[in-house]
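Student: make a model of this:
(one chain, ligands or ions: 2)
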Amino acid sequence: MTTRDSAPSKPGTTAPAHSDGRLVTCDGVGRTFGAGERAVVALHGVTCAVEPGARVALTGPSGSGKSTLLQLMAGLDRPTSGVLDWPVWTGTPFGHPERAGVVFQEPSLIPSLTALENAAFPLLVRGDEPESALEEAAAALRILGLTPIERHTPDELSGGQAQRVAVARVMCSRPALILADEPTGKLDRHNGALVVDQLVTAAAHVGAGLVIATHDPAIARLLDQRWALRDGEMAG
Ligand SMILES: Nc1ncnc2c1ncn2[C@@H]1O[C@H](COP(=O)(O)OP(=O)(O)O)[C@@H](O)[C@H]1O
Ligand SMILES: [Mg+2]
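Tutor: Ligands and ions are numbered 1, 2, ... in the order given. Predicted coordinates for the structure are as follows:
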């Protein structure tokens with residue numbers, strides 16, 4: 001079974017969850033950087049699972065292991081102990097989350113492109129026809145209330161607007177799992193809350209699970225579930 005077939009044709013349509021399977025499971029997952037005296041244990045045997053449709057805040061102070069866990073769940077890094085699995089992708093050509101979308105603290109927009117072109121960028125890179133890519137990006141921007149700024153370049157956007165365009169960009173690639181690492185870290189409370197709201201909206205439209213790493217308890221309260229990391233251990 002593949003999960004690709006269940007993707008909706010447009011971001012504007014309300015999508016079902018991609019599958020009944022869990023998006024990612026961590027069973028006693030550990031990650032140690034380096035070896036010997038210099039070894040840094042970033043994660044100690046973390047066990048958790050992201051269910052379809054989940055809205056999770058991954059909380060914890062700086063250095064507690066949030067980014068390390070997100071990188072592992074995105075398939076960008078490998079655990080040094082334990083088992084990490086993506087049941088929803090089992091049997092797909094990759095068997096790992098080729099369809100996870102990642103949002104970072106910095107929106108990293110391309111300065112010479114408009115908001116619309118930035119949102120369409122992942123689709124253009126993968127070879128979609130420009131017309132359909134721009135149409136899809138315009139739909140994502142419309143859903144997120146960003147149509148008025150679609151012709152603006154990044155230097156004409158506020159930090160909050162730029163991050164919302166980054167959310168539109170991740171939404172365009174219709175991931176089954178959206179992982180955001182401190183996406184509100186550079187924003188004030190109001191704009192941070194707006195970005196979280198947009199991530200939730202984007203996840204709902206594409207039927208994705210959502211995990212947001214944040215050290216801000218006020219941001220974490222906006223989500224359904226909270227996981228707390230302390231010194232590389234899941235505290236609850
Ligand atoms: N590539 C790396 N090499 C060595 N140590 C690392 C590396 N990445 C993270 N660490 C260490 O792992 C711990 C957890 O880091 P991180 O996951 O970035 O925490 P957080 O995102 O919660 O701030 C920290 O002690 C950090 O210094
Ligand atoms: Mg971090």
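Student: hey, let's count contacts and neighbours off CA atoms from now on
Tutor: Will do.
Student: list the buried ones in stretch 157-172?
Tutor: 159-172 (16 or more other C-alpha atoms under 10 Å).
Student: quick one: which of these is nearest to ligand 1?
Tutor: If you rank the buried residues of stretch 157-172 by distance to ligand 1 using C-alpha to the nearest ligand atom, residue 163 comes first, at 18.8 Å.
Student: got the residues of the chain near ligand 1?
Tutor: Taking C-alpha under 6 Å from any ligand atom as the measure of proximity, the chain contacts ligand 1 at 33, 40, 42, 61-68.
Student: and residue 48, which of the three is it?
Tutor: Three-state assignment for residue 48 (DSSP: H, G, I helix; E, B strand; the rest coil): strand.
Student: can you pull the pLDDT of it?
Tutor: At residue 48, the pLDDT value in this model is 96.
Student: what's the answer for the one 10 residues further on, then?
Tutor: Note for residue 58: predicted pLDDT of 98.
Student: dig out what residue 234 forms beta bridges with.
Tutor: residue 229 (DSSP bridges).
Student: test my guess that it contacts residue 227.
Tutor: Yes - using C-alpha atoms under 8 Å, residue 234 is in contact with residue 227, at 7.0 Å.
Student: how far away is residue 235 from residue 58?
Tutor: 11 Å (C-alpha to C-alpha, to the nearest Å).
Student: who touches both of the two?
Tutor: The contact sets of residue 235 and residue 58 overlap at 227-229 (C-alpha atoms under 8 Å, 6 or more residues apart in numbering).
Student: which neighbouring elements make contact with the longest helix seen in the chain?
Tutor: Secondary structure of the chain read by DSSP state H shows that its longest helix is helix 189-206. Where contact means 3 or more C-alpha pairs under 8 Å, 6 or more residues apart in numbering; DSSP states H and E, helix 189-206 is packed against helix 159-172, strand 209-214, helix 217-220.
Student: run the angle between it and helix 159-172 for me.
Tutor: 10 degrees (axes from the mean of the first three to the mean of the last three C-alpha atoms, to 10 degrees).
Student: how far does helix 189-206 sit from the chain's center?
Tutor: For helix 189-206, the gap between its own C-alpha mean and the chain's C-alpha mean amounts to 11 Å (C-alpha atoms, centre = their mean, to the nearest Å).
Student: then stretch 166-185?
Tutor: 4 Å.
Student: same check on stretch 151-170?
Tutor: For stretch 151-170, the distance to the chain centre is 16 Å (C-alpha atoms, centre = their mean).
Student: for the nearest residue to residue 115 once chain neighbours are set aside, give me the pLDDT.
Tutor: Spatial nearest neighbour of residue 115, excluding adjacent residues (C-alpha to C-alpha, 6 or more residues apart in numbering): residue 150 at 4.9 Å. As predicted, residue 150 sits at a pLDDT of 98.
Student: which residues touch residue 150?
Tutor: 114-116, 138, 141 are the contacts of residue 150 under C-alpha under 8 Å, 6+ apart.
Student: closest to residue 211 out of those?
Tutor: Nearest to residue 211, judged by C-alpha to C-alpha, of the contacts of residue 150 is residue 141 at 21.3 Å.
Student: on that earlier part again, out of the residues of the chain next to ligand 1, which are inside helices?
Tutor: Using DSSP H, those in helices are 66-68.
Student: could those be laid out in TSV, adding pLDDT?
Tutor: Converted to TSV, those look like this (pLDDT from 0 to 100):
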residue	pLDDT
66	97
67	97
68	98
